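Chemist: Sequence first, then the predicted structure:
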Amino acid sequence: MENLNYLAIIEGKVEKLCSYAFNNLNKLESLVSFSARIEHIESNAFVGLDNLKKLILIESELTDLPQDVFKSLENLTVLNLHDSIASKFDAECLNVLTNLEFLSLYNFDKDEKILNLNKLNLSKLKYLAINSKKVPNFELNLEFLIINGLEEFNDEMFKNLQDLKGLIFETNGKFLCEIKREIFKYLNNLEHLVICFDKLNKQGIDFININLDYFGKFIDKENIYLKFDDSESYRITISCHHDKLSFFKNFIKVGKIAESAIYDYHDAYLGH
């Protein structure tokens, strides 16, 4: 066991990760949990995992997540808490993860459980997935951003994110008329944009179909791939890339571990 470098906990119910839960596993590089319904993680649960590069806790029920729980994971490059946060958590506590390149705090329920997103200070972070009603006023060198539950739109909203190459946001159909070309004026590096609506009436669907070429101008590039899926997802895709894998591999500048995490994440949970 002491030479183990990958550990997965699949389904079931793990009520608590106690202090030093992974003692003597100091060679562990990947710790993965899917649907294990973890509720409580003690502050020192990850102490000793000095070589951990990837921590994935998907579909847990984290009702008690100590603010200092990640303090010993300075070598972590991937943190995926997709649909796992069930209580308020201060994003500023993640700033101890100085090597982080991939971070998902995405929740399906659209509630904003993560506080102080604007205080994220992670210089190596390139890929971020969050829930937020507005674009946080953070200064990060992000290359890919996903926002679930976006409700506030203005011409300056992406001013601090001019390195973005990929952007996905999910919103309600009632905000359709607020999504204009001027919103993206600072994003000269943007090559992949997906806009998803959780609700869209027939009038909205017809409006998009009639004006689809206008949405294509949101990316100021040639040879744009443009598609509107009006079945169940109500998704507008504007992209320079037909091949998702090629885009992540060649245009999002992260290490191999984060690159693999990004592709797997889109393939399993996002589909776009």
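Modeler: Good, I have the coordinates.
Chemist: Could I have the CA atoms of the lowest-mean-pLDDT helix or strand in the chain written out in PDB?
Modeler: Among the helical and strand segments of the chain, the one scoring lowest on mean pLDDT, DSSP states H and E is helix 244-251, with a mean of 80. Once non-C-alpha atoms are left out, helix 244-251 reads as follows in PDB (Å, rounded to 0.1, in the frame of the first residue of the first chain):
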ATOM      1  CA  LYS A 244     -12.500  19.400 -28.700                       C
ATOM      2  CA  LEU A 245      -9.400  17.300 -27.800                       C
ATOM      3  CA  SER A 246      -7.200  19.200 -30.200                       C
ATOM      4  CA  PHE A 247      -8.300  22.500 -28.700                       C
ATOM      5  CA  PHE A 248      -7.500  21.500 -25.100                       C
ATOM      6  CA  LYS A 249      -4.300  19.900 -26.100                       C
ATOM      7  CA  ASN A 250      -2.900  22.700 -28.300                       C
ATOM      8  CA  PHE A 251      -4.400  25.800 -26.900                       C
END
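Chemist: ok now the helix or strand just after it, how far from the chain's centre?
Modeler: Proceeding N to C from helix 244-251, the next assigned helix or strand is helix 256-265, under DSSP states H and E. Chain-centre distance of helix 256-265: 12 Å, with CA atoms, centre = their mean, to the nearest Å.
Chemist: hmm, back to that, show residues contacting the least confident helix or strand of the chain.
Modeler: E143, K165, G166, E191, H192, S239, H241, E259, I262, Y263, H266 (CB atoms under 8 Å, 6 or more residues apart in numbering). Where you see a C-beta, it was placed from the backbone N, CA and C, and this is true even at glycine.
Chemist: the helices in the stretch 101-250 of the chain, which residues?
Modeler: For the stretch 101-250 of the chain, applying DSSP state H, counting those that start in this stretch gives helices covering 202-210, 212-216, 244-251.
Chemist: Grab the nearest non-local neighbour of I195.
Modeler: Once flanking residues are discounted, I195 sits nearest to I236: 4.5 Å by CB to CB, 6 or more residues apart in numbering.
Chemist: Give me the distance between that neighbour and N80.
Modeler: Distance of I236 to N80, given as CB to CB, to the nearest Å: 26 Å.
Chemist: go on, L62?
Modeler: L62 is 13 Å from N80, by CB to CB.
Chemist: Could you check which of the two is surrounded by more residues?
Modeler: Neighbour totals were compared for L62 and N80, and N80 leads with 23 against 19 (other CB atoms under 10 Å).
Chemist: Now do the contacts for the more buried one.
Modeler: L55, I56, L57, I58, F102, L103, S104, A261, Y265.
Chemist: Kindly recompute the last result at 10 Å.
Modeler: 32-33, 54-58, 102-106, 129, 261, 264-265, 269 (CB atoms under 10 Å, 6 or more residues apart in numbering).
Chemist: cool, N148 as well?
Modeler: Contacts of N148 (CB under 10 Å, 6+ apart): 105-112, 129-133, 168-171, 196, 198.
Chemist: my guess is L28 meets L73, correct?
Modeler: No - with contacts counted by CB atoms under 10 Å, L28 stays clear of L73, the gap being 11.0 Å.
Chemist: quick one: common contacting residues for the two?
Modeler: Listed contacts common to L28 and L73 are F46, L49, D50, N51, L52, K53, L55; contacts here mean CB under 10 Å, 6+ apart.
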